[in-house]
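Trainee: Generate a structure from the sequence data that follows.
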Amino acid sequence: KLRYFAIKLDSLLPKTQFVTFKIHDLYDNVTHAGLLQALYTFLAHPLVSTRHKRLSNDAIHELTAIVLRNNFFSYDDKIYRFTKGCPLNLQLTDLLGDIYLYDWQFPLVRQLRLNDLFYGRYHNIGLMTWY
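Mentor: Numbering: from 1, shown residues only. Next comes the predicted model:
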């Protein structure tokens, strides 16, 4: 994407600055309500809504809520429940994190693209250009 931005669009200027950022502890700090809201918004998107025909959006949302509510772990001979965030060994965690970040970054990306700037993200690390 960056190569296309730089070469094909010829958008790198001498005054272009690169900004990188990393979101720390993403999977520990996002509330279940935030994850579920981002999932619901994602599932309602027209490009996504036609791709899952066997389960309704509400069923996917409710099944995800059940998984989030029922994540337990033991530490120091005591049992705890995740009240926010997700365990890193759960495959659903990466997917929910990406959906949450997609929802979070949407206004930022729209503003950057209106100004012909670049934005790219890989998991919790972002790169963008600035003038």
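Trainee: element containing Glu62, please.
Mentor: helix 57-69 (DSSP states H and E).
Trainee: Tell me the first helix or strand C-terminal of that helix.
Mentor: Trace forward from helix 57-69 with DSSP H and E and the next one is strand 72-75.
Trainee: What pairs with that next one, parallel or antiparallel?
Mentor: strand 78-81 (antiparallel) (DSSP bridges).
Trainee: Compute the inter-axis angle for the helix or strand just after the partner strand and helix 57-69.
Mentor: Next helix or strand after strand 78-81 toward the C-terminus (DSSP H and E): helix 91-114. Orientation check (axes from the mean of the first three to the mean of the last three C-alpha atoms, to 10 degrees): helix 91-114 against helix 57-69 gives 120 degrees.
Trainee: contact partners of the worst-scoring helix or strand of the chain on mean pLDDT?
Mentor: Every helix and strand in the chain was compared by mean pLDDT, DSSP states H and E; the lowest is helix 46-49, with a mean of 70. Outside of helix 46-49, the residues that reach it under the criterion C-beta atoms under 8 Å, 6 or more residues apart in numbering are 42-43, 57. Heads up, the C-betas are built off the backbone N, CA and C, glycines and all.
Trainee: now stretch 119-131
Mentor: So stretch 119-131 is contacted by 1-2, 5, 11-13, 15-24, 26, 94, 97-98, 101, 105, 108-109, 112-113, 115, 117-118 (C-beta under 8 Å, 6+ apart).
Trainee: Would you list the buried entries among those?
Mentor: Restricting the contacts of stretch 119-131 to buried positions leaves 5, 23, 26, 97-98, 101, 112, 117-118, with burial counted as 16 or more other C-beta atoms under 10 Å.
Trainee: So what's the residue count around the residue lying closest to Lys84 once chain neighbours are set aside?
Mentor: Sequence neighbours aside, Thr31 is the residue nearest to Lys84 in space, at 4.6 Å (criterion: C-beta to C-beta, 6 or more residues apart in numbering). Neighbourhood size, Thr31 [other C-beta atoms under 10 Å]: 13.
Trainee: Does Leu90 touch Phe72 like I think?
Mentor: No: the criterion here is C-beta atoms under 8 Å, and Leu90 misses it with Phe72 at 11.7 Å.
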